[in-house]
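kindly generate the corresponding structure for this input.
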Amino acid sequence: ENVTSWYIGGKFERRKSTDRVIKAWIKKFGNDRNHVLNTMITNPFFSPQDNDAIFNNICGGQKYFNINRLPYVKNLSAMNDVMNSADIVLDCSLSEAWSLPSFHTVGLGKHAIIHHASAMKEWANDKNAVLIYPNGKTPAKDGVFFHEGQPFNQGNFYNFDDNELFAAFDKVLERKKLNKVNEEGLKLRETFTWDNTVSQILEVLK
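Numbers count the residues shown, from 1 in each chain. Below is the predicted model of the structure:
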């Protein structure tokens, strides 16, 4: 009951700042019995050996008893269990679409730290999440999914200051302390309904 459960998802890649966020979390909460981090970052485009190496590198070759590496799940029921196990979701992607896992997790009443950039700005606000704001841009190239000089996947991503992330850790814990349920997050269910979606589509078609 006294343990705060954190969750970070999305396949590992530089664009999602997976390593930056987990390393920052480790620096703040590594081997702290009051906190646990569930990670679901397996990238199906990589081999199992590559995914092992990535996770090992993020942890600096060390073992942390309060970090769980969850396997890649193949159905929404299992995904739902993971989201419901969280108190706080972490999503500091440098460039993202809607980010459905984080959107649904916040909609389930979980607290969140969100990078206020790209399409996540459409649903994340300073009431339903602790926001980190961009402080500039960084080249998109990563040597894996984004290669310089190619006809696609070019340009820059938004970036953020790691100090803002550390400050956000404290802010989101204060929110959770005041109320374990993110009441503002639950309001996403009222705003983003199938009825509203259909209404907007029909309005465009007119």
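
contacts and neighbour counts: CA atoms only from here.
Will do.

look up how far residue 61 lies from the residue nearest to the spatial centre of the chain.
The geometric centre of the chain, computed from its C-alpha atoms, lies nearest to residue 91 (C-alpha atoms, centre = their mean), at 2.2 Å. In this view, residue 91 and residue 61 are 24 Å apart by C-alpha to C-alpha, to the nearest Å.

now do residue 93: how many residues are near it, please.
Neighbour count for residue 93, taken as other C-alpha atoms under 10 Å: 26.

quick one: the nearest residue to it once chain neighbours are set aside from residue 94, how far?
Once flanking residues are discounted, residue 93 sits nearest to residue 16: 3.8 Å by C-alpha to C-alpha, 6 or more residues apart in numbering. Distance, residue 16 to residue 94, by C-alpha to C-alpha: 6 Å.

one step back: tell me how far the residue nearest to residue 93 lies from residue 61.
According to C-alpha to C-alpha, residue 16 and residue 61 sit 21 Å apart.

looking at these two, which is more packed in?
Each of residue 16 and residue 61 has its neighbours counted (other C-alpha under 10 Å); residue 16 has more, 18 against 10.

my guess is the more buried one meets residue 99, correct?
No. With contact defined as C-alpha atoms under 8 Å, residue 16 does not reach residue 99; the gap is 10.5 Å.

which residues of the protein fall in strands?
Using DSSP state E, the strands assigned to the chain run over residues 4-9, 35-40, 67-69, 88-91, 111-115, 130-132, 136-139, 156-159.
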